[in-house]
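A.B. asks: coords below, sequence missing:
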């Protein structure tokens, strides 16, 4: 791994031999990060450490008064899952390099399958989940579980990770929760988690997420707005008006 | 070859001793990539591998639910042709470096002749095909086959490739399909393929492309729009409303 | 430390074995630098030296006709405090690198605790002080002293320093003075100093700052405006209309 | 010479021991390149090779259907002249580096004198030619041949070359053809060639250039417009409506 | 000294053991360069050489038909003064690096004191001269000679040089001629020269500068405008309508 691009700081090594690695970075509808962070909370996953990079926006995330690294790694040893979840998006110009490093790290922990979670705008009111794979054989996994993503493009960090997995022959699946607009969409995250449950038997209950859906929409929108509104000439701290999405 | 600029990842080595290399990158009228990808499908060419570069936009192209590398290499051993076809354009600032690497790679596979496919705006309604060559002797190949491109400029990746071939004394021909506007123009691609058939005896039937011309125009325009509309702050996936241009 | 990023030029080495390092860079409300520079004056702290970096805006600050380095280091040996105070903000693009170097330097002087001072916009008229910590155990220090900063983000140099301290397991606290707008806010600085007094027993009287509050607002606003108004094509010197905030 | 900046690709070495090197890059009025290319044609100079650089716009120039390198080197052994003529301008940000490399190359071919051709806007209707020199002694050459350029600035590649020659003590003269606007001005080129004839005894007839003046203005304006209009997202080829300026 | 940043090309070594180095770069009111170049002319100083840098705008300055390097070094051995005078401003982004190299060069010629000349906008009609120093002891030199510059900022190359001298403990004084606007102000230059005379006993008569004040304003404004108006796509030469400011 290239330390000039990403440093992985583990407080605890993973105990899983060949994990499934699920990644969720902020993207359209914030589907990936809402879903992944929710799974971390529901399964009470073990915190392993964080990724740090000069290419991540320079920002500390506060949670209960304590600094939370913005890009975090967790595991659930019994389900053999490692989750990489983030509060900050990857800038498109950094996608290629960051994507390569994340896949290199995945190889270093002997990942057996990569799962990318993201949103997709399809201009409808439904909450379908679309699936794509790094190779044809993996489509069987998706059959009857998700709609096949026949033709289109995936940009950004998820696109870069899928390309790298294809190049390096690492099995990878992408689940895309349908969302209508750019606003945070916990219901798209719910649909995506339910598809994950079907494919991987995670058994994560989405009822809490459904209850909090409205509250989360407000909160996530404020956090996202803080990110966008960060003024270049001033450091600043901001606090959203509502808060617990985090358990 | 400079791995910091392009990596060539072959799943299969080319079996051709001195191939003709045909390249088609997206450009005006999308002539180059429509034509090259169509030939790949019609001749049912063998997939060899892909090119990956930090200078290509970070995006995964989905086809039938499977990740397709955006810059792909195919061969048809019987016709001794290798095709380099792409779904992503090369940014002008990267043209020089990418052009040099592509020509270096062409040398490494002992190419005997390079053929570049592109569009040309000549403000008319016709669908002529213009030809240019890296040296005078090659003009004979073009005589009666295409209109000679007497005076003008070719910018971007095709211009860089033609210059590099001239510098390194690799025979190269450029075929430019006349197109009226910036919109995808499958009919310009048809004219270009027919000229290729005449010069190289490819025997590619263009009837299917003619049937699909209208459908392709819509589809390619949507894909091109997705590329342009890719929002910097969000990763996203998009699906066009119509789809099969790909066989 | 990486001399290409920051050079630390000490005229005098620190005499403190394990100091508390307090940093105050210009940010929203200029809370950090007003507070830190005021403490330096009130405690008549000893000047140790300065930090120089190509990433700081190229500018000399004049004080009483003498060049003042814009990023300065002082100590008060009896209270075991080192202060890093600045007249220039750190550009967000440089936050990551500068933050890392500042924390490396803090480690090199065997800092036992890092304290970051900044402002926070909470859209109210109060002058509360919010606290955050690099780890849970430190929250006890903040209990009853400051409001816990439950959820939100801290950007810029303070965010980068807090993240680095978290990564390197250096105890760090951040005190954020509530301010209503982007204008210099000495009253937020007063509240922050009083919280520091409560936590660390500094005993710094804020009465002078209260007297001068109005004068300082005008002066700091002018200095900040000079920074923003610095014309790229011309070097220039500017003098604010009012002046002594500095003792 | 620094190959990362310019590569010189000679198909034929120069046979001249200490040549006079005349350079003409596109600039105001396109005086330099119209004049130098015309001299190449009239004297039927021998093509030696080309310069290639990542700092030149990526573009192939087509002439009679054949790729013409945009920056070309010719010689006339009997008159002991080497000409460096270009179809592409040098971007100001690249002037310093390109200028240094061109002068290094000039030293490598043992140039005895450098002559730069350019345009100058003096807001009049005349077609005077102004002269400048790298050192005082060379002014004698210009006396009675051209108006002395008493005070002013020369920017871009010509300015960088004149500075480098001054620094390295290579005799250099600059001839500036007076032109009224930014449009191509073959009549300014004619005046400049006639001054060259007087100083160096070139004996180049300008009658053909006078005949073609109108046609050239149109053609060069179209070519220049193609350069400016090159769309970043698309490679393209363009053909001007009129054509032969080239013999 | 770092040759990638500045090269010093001396045609003649300085004969002074520990000179006073006076620098005058174009800045607000063009005070620094008008004053320094005028002193060079009045004292008929000996030309030593020039500085060249990729960070200086690429431009040749013509004077009496001969190329003048834009950043020039002169000495007056009897008065033990070296002057660094420039026709081109230093871009703010280059100030830090250029300032460090200039001060390194000053150290290499064993400078005993650095004097920076610049302008200052104080929004009045007067022509006072303000002074600042790198350390407190030097203020005595300025007492009764200039107004002490109590509080403010100096940006650009002068600010960078003053900071570097402070860091490296090289005695440095800055004289700032009060000017009302951005226009060239020879009268501010006159006031500054007279202050220099008082402090250093230079004995430079300013009468000629007073006579020419109006003519110089016009001329310098035209030269400055040429610098700003230099079109990126075209090299160009320009000649101002009036001319001798230079003796």
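C.D. replies: Everything's here; your move. Every value quoted in this text rests on a predicted model; they were computed, and no experiment measured them.
A.B. asks: show me where chain A has its helices.
C.D. replies: A:31-42, A:92-108, A:139-142, A:156-168, A:186-200, A:207-229 (DSSP state H).
A.B. asks: quick one, which of the ones you listed gets closest to chain E.
C.D. replies: Of all those, it is helix A:92-108 that lies closest to chain E, at 20.4 Å by C-beta to the nearest C-beta. In this view, the C-beta of every residue, glycine as well, is placed from N, C-alpha and C.
A.B. asks: circling back: same list, the helices of chain A, but as TSV with mean pLDDT please.
C.D. replies: Shown next, in TSV, are these (pLDDT from 0 to 100):
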stretch	mean pLDDT
helix A:31-42	96
helix A:92-108	95
helix A:139-142	93
helix A:156-168	95
helix A:186-200	96
helix A:207-229	79
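A.B. asks: I'd like those as CSV, with mean neighbour count and distance to chain E appended.
C.D. replies: Formatted as CSV, those follow (neighbours: other C-beta atoms under 10 Å in any protein chain shown; distance: least, C-beta to the nearest C-beta, whole Å):
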stretch, mean neighbour count, distance to chain E
helix A:31-42, 26, 36
helix A:92-108, 21, 20
helix A:139-142, 16, 51
helix A:156-168, 27, 30
helix A:186-200, 23, 44
helix A:207-229, 16, 27
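A.B. asks: tell me which of those sits nearest to chain C.
C.D. replies: Smallest distance to chain C across the helices of chain A (C-beta to the nearest C-beta): 5.3 Å, for helix A:207-229.
A.B. asks: give me the distance between that closest one and the centre of its chain.
C.D. replies: Offset of helix A:207-229 from its chain centre (C-alpha atoms, centre = their mean, to the nearest Å): 15 Å.
A.B. asks: ok so, going back, export the helices of chain A to CSV and append columns for distance to residue E:116.
C.D. replies: CSV is the format used below for those (distance: least, C-beta to C-beta, whole Å):
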stretch, distance to residue E:116
helix A:31-42, 52
helix A:92-108, 39
helix A:139-142, 70
helix A:156-168, 49
helix A:186-200, 60
helix A:207-229, 40
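A.B. asks: hang on, residue A:66 packs against residue C:140?
C.D. replies: No. With contacts defined as C-beta atoms under 8 Å, residue A:66 does not count as touching residue C:140, sitting 12.0 Å away.
A.B. asks: stretch A:66-86 - what's its average pLDDT?
C.D. replies: Stretch A:66-86 shows a mean pLDDT of 96 in the predicted model.
A.B. asks: give the buried residues for it.
C.D. replies: Within stretch A:66-86, the residues that count as buried by 16 or more other C-beta atoms under 10 Å in any protein chain shown are A:66-76, A:79-86.
A.B. asks: so does that stretch get close to chain C?
C.D. replies: Yes. Using C-beta under 8 Å from any C-beta of the partner chain, we find that stretch A:66-86 touches chain C at A:66, A:67, A:69, A:70.
A.B. asks: export the residues you listed as JSON lines, with columns for distance to chain D.
C.D. replies: Output for the residues of stretch A:66-86 next to chain C, formatted as JSON lines (distance: C-beta to the nearest C-beta, whole Å):
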{"residue": "A:66", "distance to chain D": "46"}
{"residue": "A:67", "distance to chain D": "42"}
{"residue": "A:69", "distance to chain D": "38"}
{"residue": "A:70", "distance to chain D": "33"}
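A.B. asks: as a markdown table, those residues with distance to residue C:30 would be great.
C.D. replies: Listed next are the residues of stretch A:66-86 next to chain C as a markdown table, based on distance: C-beta to C-beta, whole Å:
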| residue | distance to residue C:30 |
| --- | --- |
| A:66 | 26 |
| A:67 | 23 |
| A:69 | 28 |
| A:70 | 26 |
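A.B. asks: could you identify the most distant pair in these?
C.D. replies: Using C-beta to C-beta, the two most remote members of these are A:66 and A:70, lying 13.3 Å apart.
A.B. asks: got the helices of chain A as JSON lines, with distance to chain C columns?
C.D. replies: Shown next, in JSON lines, are these (distance: least, C-beta to the nearest C-beta, whole Å):
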{"stretch": "helix A:31-42", "distance to chain C": "13"}
{"stretch": "helix A:92-108", "distance to chain C": "12"}
{"stretch": "helix A:139-142", "distance to chain C": "36"}
{"stretch": "helix A:156-168", "distance to chain C": "18"}
{"stretch": "helix A:186-200", "distance to chain C": "17"}
{"stretch": "helix A:207-229", "distance to chain C": "5"}
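A.B. asks: which one, of those, ends up nearest to residue D:95?
C.D. replies: With C-beta to C-beta as the measure, helix A:92-108 is the member of the helices of chain A nearest residue D:95 (27.6 Å).
A.B. asks: just the ones in strands from the residues of stretch A:66-86 next to chain C, please.
C.D. replies: Residues of the residues of stretch A:66-86 next to chain C located in strands (DSSP state E): A:66, A:67.
A.B. asks: next, count neighbours for the nearest residue to residue A:77 once chain neighbours are set aside.
C.D. replies: Spatially, and ignoring its direct neighbours in sequence, residue A:77 is nearest to residue A:15 (5.1 Å; C-beta to C-beta, 6 or more residues apart in numbering or on different chains). A count of nearby residues for residue A:15, using other C-beta atoms under 10 Å in any protein chain shown, gives 11.
A.B. asks: which strand residues bridge the most centrally placed residue in chain A?
C.D. replies: For chain A, residue A:24 is the residue whose C-alpha lies nearest the centre (C-alpha atoms, centre = their mean; 0.3 Å). With DSSP bridges as the criterion, residue A:24 is bridged to residue A:85.
A.B. asks: so how far is chain B from it?
C.D. replies: 11 Å (C-beta to the nearest C-beta, to the nearest Å).
A.B. asks: likewise residue A:105?
C.D. replies: Computed with C-beta to the nearest C-beta, the distance linking residue A:105 and chain B is 18 Å.
A.B. asks: who's in contact with that residue?
C.D. replies: A:1, A:6, A:8, A:51 (C-beta atoms under 8 Å, 6 or more residues apart in numbering or on different chains).
A.B. asks: what's the nearest residue in chain A when you look at chain B?
C.D. replies: The nearest approach of chain A to chain B comes at residue A:156, 2.6 Å away (C-beta to the nearest C-beta).
A.B. asks: my read is that that residue contacts residue A:94, right?
C.D. replies: No. Using C-beta under 8 Å, residue A:156 is not in contact with residue A:94, being 9.8 Å away.
A.B. asks: need the contact list for the residue nearest to residue A:126 when sequence neighbours are not counted.
C.D. replies: Of all residues not flanking residue A:126 in the chain, residue A:178 sits nearest, at 5.9 Å (C-beta to C-beta, 6+ apart). Contact analysis of residue A:178 by C-beta under 8 Å, 6+ apart lists A:119, A:120, A:121, A:122, A:124, A:126, A:127, A:128, A:129, A:130, A:188, A:191.
A.B. asks: what bridges to the third one?
C.D. replies: Meaning residue A:121. Under the criterion used (DSSP bridges), residue A:121 bridges to residue A:179, residue B:238.
A.B. asks: just to revisit the earlier point, so which of the helices of chain A comes closest to residue E:165?
C.D. replies: So among these, helix A:92-108 is nearest, using C-beta to C-beta, at 39.0 Å.
A.B. asks: quick one: the closest one to helix A:156-168, angle?
C.D. replies: 50 degrees (axes from the mean of the first three to the mean of the last three C-alpha atoms, to 10 degrees).
A.B. asks: next one: helix A:92-108 to chain centre, how far?
C.D. replies: Here helix A:92-108 is found 14 Å from its chain centre; the criterion is C-alpha atoms, centre = their mean.
A.B. asks: same question for stretch A:31-44.
C.D. replies: With C-alpha atoms, centre = their mean, you get 8 Å for stretch A:31-44.
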